[in-house]
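Student: predicted model and sequence follow; I will ask about them next.
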Amino acid sequence: MDPFLIIANLFVFLILLFVLFRMQKKHVSFSKRVFAGLGLGLLFGFILHLIYGTESEVTTGTIDWLNIVGTGYVKLLQMVVMPLVFISIVGAFTKLKITKNLGKISALVIGILLFTTGISAVIGIGTTLSFGLDQTQIVEGEAERARNESLADRVETAENITIPQQMLEMIPSNPFADLTGSRPTSTIAVVIFAAFIGVAFLGVKRKHSDEADVFAKLIDSIYLIVMRIVTLVLRLTPYGILALMAKVAATSNYDAVVSLGKFIIANYVAIILMFMVHLLLLALAKLNPIHFLKKAMPPLTFAFTSRSSAGTLPINIKSQVDDLGVSEGVANFAGPFGLSIGQNGCAGIYPAMLAVMAAPAVGIDPTSISFLLTLIVVIIISSFGVAGVGGGATFASLIVLSVMDLPVAIVGLMVTIEPLIDMGRTALNVSGSMVAGVLTSKINGDLKEEVYRRPEILEAK
């Protein structure tokens, strides 16, 4: 390995970081800087790939240093995810406006998330059948076999867990452990724990209003501090996206992309169709979908590059409140709930496509009405508790395939293209969460439509 080549690559990377820094100093808009980081990262990564290849020690060494910026940025966002989830839910209860319609808002958010997941499953099924995809079209190589071996423990867990057991896993037995993210269902467990605290607060408020007011002020203070941390981290977004996209472009297996091109195209067709459903739902609510598309672009771009719905949560909530006019209470429900319930991409489209592809291998007609209806119901139920990080789709698919008595080996066959399709799935997850927040706020009558219609995106300060 030539250290001078790595130093030269890092020098170029520093120049690109400086370009983004100069754009910030010249007050170029946040969204333009994000897209600049995306484009520069793709270009830089692709050049690294062309010159050195994916297996080169120079590429590996360069990416190790780039990870300080890219992975480091994702870790900073993940650092505030659990505190933000917890304080957002509790804070929603302490705000008087939200407590008056608490049941309605919770039902609307969860209902929209599950409804859109059902639609995404239908789209995934339809796309798979339209493209004529089948498990036999995918060749198993060394990487795929290694992937299936590494999934052995997760497969055993998924095969042995029933739907009732899966639901029990969401209930927190040790909320402090769940605050560390120790389980795949930790996020939904923290949401439930925070909701219990919120309900307890409402009971105390009726009998001991003075003490409840002190607690509410404490929660508001902590919320402001957490959101200030979020704002500080968000300023780094263009730089983080530059590094993340450079890594993706430099390390992607382009031969696998070509060989599995039909499956990748089918995935993105399904994802785009579901995005259009999101925009249609907004249009039916008499909200301009173009405004949503523009305002939601920064969080969607970060979700696409980071492959982490959880890491996108701070940007998600900020965009809902500051740029889309969603009330704080609703955004604080829609954002955290969207991490673990009804993820349209990871828990909807992807398991549906894999199930339809795997069905013929065990003699099941994938066009059978009974099979399709059962699959949709299983996907909706199984969408509870999906981890909002890269890899959540794998666990969701294993559960769906196991419940449907379908071969799970197909999950490992996607290892070489998993990062590429996971980018689109994650962006779709975040879009579904934001749409749930906007529609809920609109139905509840507290959407600030003048903010929604405002053309500019509010900068982080």
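Tutor: Noted; the coordinates are in hand. As the structure is a computational prediction, the values presented were derived from the model and not from experiment.
Student: pLDDT weak spots in the stretch 151-300 of the chain?
Tutor: Across the stretch 151-300 of the chain, residues meeting the criterion (pLDDT under 70) sit at 151-163, 166, 184, 255-259.
Student: and if you look at the stretch 1-150 of the chain?
Tutor: Of all residues in the stretch 1-150 of the chain, those with pLDDT under 70 make up the ranges 1, 96-100, 135-150.
Student: any idea how far whichever strand or helix holds F196 is from the chain center?
Tutor: Taking DSSP states H and E as the definition, F196 sits inside helix 186-207. A distance of 25 Å separates the C-alpha centroid of helix 186-207 from that of its chain, computed with Cα atoms, centre = their mean, to the nearest Å.
Student: could you list every helix and strand that it packs against?
Tutor: On a contact count with 3 or more Cβ pairs under 8 Å, 6 or more residues apart in numbering; DSSP states H and E, helix 186-207 meets helix 81-94, helix 175-178, helix 209-234, helix 328-340. Just so you know, the C-beta spots here come from the backbone N, C-alpha and C atoms, and that holds for glycine as well.
Student: buried stuff in that helix?
Tutor: Residues 186-195, 197-198, 201, 205 are the ones in helix 186-207 that count as buried (16 or more other Cβ atoms under 10 Å).
Student: what is the neighbour count of V377?
Tutor: Under the neighbour criterion other Cβ atoms under 10 Å, V377 is assigned a count of 12.
Student: what about the helix or strand where T62 lies, distance to the chain center?
Tutor: Secondary structure assignment for T62, by DSSP H and E: helix 57-79. For helix 57-79, the gap between its own C-alpha mean and the chain's C-alpha mean amounts to 19 Å (Cα atoms, centre = their mean).
Student: phi, psi of L287?
Tutor: The phi and psi values for L287, taken as degrees, to the nearest 10, are phi -120, psi 130.
Student: how far away is it from L439?
Tutor: Using Cβ to Cβ, to the nearest Å, one gets 8 Å for the distance from L287 to L439.
Student: and the two? which has more neighbours close in?
Tutor: Neighbours were counted for L287 and for L439 using other Cβ under 10 Å; L439 has more, 25 against 22.
Student: the more buried one: what's it in contact with?
Tutor: L108, I112, L281, L282, A285 (Cβ atoms under 8 Å, 6 or more residues apart in numbering).
Student: now neighbour count too, for these, in TSV please.
Tutor: Rendered in TSV, the data for the contacts of L439 read as follows (neighbours: other Cβ atoms under 10 Å):
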residue	neighbour count
L108	22
I112	24
L281	20
L282	22
A285	14
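Student: any common contacting residues for L287 and L439?
Tutor: Residues touching both L287 and L439 do not exist when contact is defined as Cβ under 8 Å, 6+ apart.
Student: follow-up on the earlier one: pull the residues that contact the helix holding F196.
Tutor: When contacts are taken as Cβ under 8 Å, 6+ apart, the neighbours of helix 186-207 outside the stretch itself are 81-82, 85-90, 92-94, 99, 170-172, 175, 177-181, 183, 211-212, 215-216, 310, 336-337, 339-341, 384-385, 387-388.
Student: find the nearest non-adjacent residue to S252, please.
Tutor: Distance criterion Cβ to Cβ, 6 or more residues apart in numbering; nearest residue to S252, sequence neighbours excluded, is L420 at 6.6 Å.
Student: cool, and P314?
Tutor: Distances taken as Cβ to Cβ, 6+ apart put V230 closest to P314, at 4.0 Å, once the chain neighbours are dropped.
Student: format the helices and strands packed on helix 186-207 as JSON lines; extra columns: mean neighbour count and distance to P455.
Tutor: Formatted as JSON lines, the entries for the helices and strands packed on helix 186-207 read as follows, by neighbours: other Cβ atoms under 10 Å; distance: least, Cβ to Cβ, whole Å:
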{"stretch": "helix 81-94", "mean neighbour count": "24", "distance to P455": "27"}
{"stretch": "helix 175-178", "mean neighbour count": "15", "distance to P455": "41"}
{"stretch": "helix 209-234", "mean neighbour count": "15", "distance to P455": "20"}
{"stretch": "helix 328-340", "mean neighbour count": "28", "distance to P455": "21"}
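Student: how many neighbours does the residue nearest to T251 when sequence neighbours are not counted have?
Tutor: Taking Cβ to Cβ, 6+ apart as the measure, T251 lies nearest to T54, with 5.3 Å between them; neighbours along the chain are not counted. Counted with other Cβ under 10 Å, the neighbours of T54 add up to 15.
Student: is T54 in a helix, a strand, or coil?
Tutor: When classified by DSSP: H, G, I helix; E, B strand; the rest coil, T54 comes out as coil.
Student: got the phi/psi numbers for it?
Tutor: The main-chain torsion angles of T54 are listed as degrees, to the nearest 10 and equal phi -80, psi -30.
Student: that one contacts A250, doesn't it?
Tutor: Yes. Under the criterion of Cβ atoms under 8 Å, T54 makes contact with A250 at 7.0 Å.
Student: list the contacts of stretch 276-292.
Tutor: With Cβ under 8 Å, 6+ apart as the contact definition, stretch 276-292 has outside contacts at 116, 119-120, 123, 293, 324, 431-432, 434-435, 438-439, 442-443, 449, 452-453, 455.
Student: 6 Å instead?
Tutor: Outside stretch 276-292, the residues that touch it by Cβ atoms under 6 Å, 6 or more residues apart in numbering are I119, S431, V435, L439, K442, Y452.
Student: CSV please, covering those residues and showing secondary structure and distance to A393.
Tutor: Output for the contacts of stretch 276-292, formatted as CSV (DSSP: H, G, I helix; E, B strand; the rest coil; distance: Cβ to Cβ, whole Å):
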residue, secondary structure, distance to A393
I119, helix, 17
S431, helix, 15
V435, helix, 19
L439, helix, 24
K442, helix, 29
Y452, helix, 31
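Student: now do the helices in the stretch 251-400 of the chain.
Tutor: Assigned helices in the stretch 251-400 of the chain, in chain order: 254-259, 261-284, 289-306, 309-318, 328-340, 350-358, 369-382, 392-403 (criterion: DSSP state H, counting those that start in this stretch).
Student: could I get those as CSV with distance to G103?
Tutor: Written out in CSV, the entries for the helices of the stretch 251-400 of the chain read as follows (distance: least, Cβ to Cβ, whole Å):
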stretch, distance to G103
helix 254-259, 47
helix 261-284, 22
helix 289-306, 26
helix 309-318, 21
helix 328-340, 12
helix 350-358, 30
helix 369-382, 21
helix 392-403, 28
